[in-house]
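Peer 1: Build me a structure from this.
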Amino acid sequence: MNASYSVVVKADASEIIVNAVNENIDSKMLPLGFTFDSKLSRYVKFVGNIKEKAKIFEALRDIGILFSDGKEWCPAELFEYFREQGFVNGTFKRISWIKPTEYIIREI
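Peer 2: I've put the predicted structure just below:
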């Protein structure tokens, strides 16, 4: 993965996880309510409801965070769902892995 990419890798019912390869995005993530787990190099935020999660997704998109593609309600699918429901607007960048070190980034 390119060192400049941070990726939403999980967005379950109450939690959003962003994998980060460096802490240079602290100034953008901490004001959004994320905490940094230095042992796992990831940011974590707990959210209370779908509207709060959608608002955070828009903020993450606006600072250049990518949304992971995958199976069953992956972060990229959630962004698309939020857009269909009118909770978010605009495009986002989806990252899909072909191999562990090979990926495709698409703006959708």
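Peer 1: make it CA atoms for all contacts and neighbour counts henceforth
Peer 2: Will do.
Peer 1: Can I get stretch 12-21 in PDB, CA atoms only?
Peer 2: C-alpha atoms of stretch 12-21 as PDB (Å, rounded to 0.1, in the frame of the first residue of the first chain):
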ATOM      1  CA  ASP A  12     -19.700  -2.100  12.000                       C
ATOM      2  CA  ALA A  13     -22.800  -1.000  13.900                       C
ATOM      3  CA  SER A  14     -21.000   1.100  16.400                       C
ATOM      4  CA  GLU A  15     -17.400   1.400  15.300                       C
ATOM      5  CA  ILE A  16     -15.300   2.900  12.400                       C
ATOM      6  CA  ILE A  17     -11.700   1.700  12.000                       C
ATOM      7  CA  VAL A  18      -9.200   3.500   9.800                       C
ATOM      8  CA  ASN A  19      -5.900   1.800   9.100                       C
ATOM      9  CA  ALA A  20      -3.100   4.400   8.900                       C
ATOM     10  CA  VAL A  21       0.500   4.000   7.900                       C
END
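Peer 1: Could you give me the buried positions within that stretch?
Peer 2: If you call a residue buried by 16 or more other Cα atoms under 10 Å, then stretch 12-21 has these buried ones: 16, 17, 18, 19, 20, 21.
Peer 1: in a helix, that's where the second one is, yeah?
Peer 2: Okay, so that is residue 17. No. With DSSP: H, G, I helix; E, B strand; the rest coil as the criterion, residue 17 is located in strand rather than a helix.
Peer 1: May I see the buried residues of stretch 39-50?
Peer 2: Residues 42, 43, 44, 45, 46, 47 are the ones in stretch 39-50 that count as buried (16+ other Cα under 10 Å).
Peer 1: Residues in contact with that stretch: which ones?
Peer 2: With contact meaning Cα atoms under 8 Å, 6 or more residues apart in numbering, stretch 39-50 is reached by 13-22, 29, 33-37, 53.
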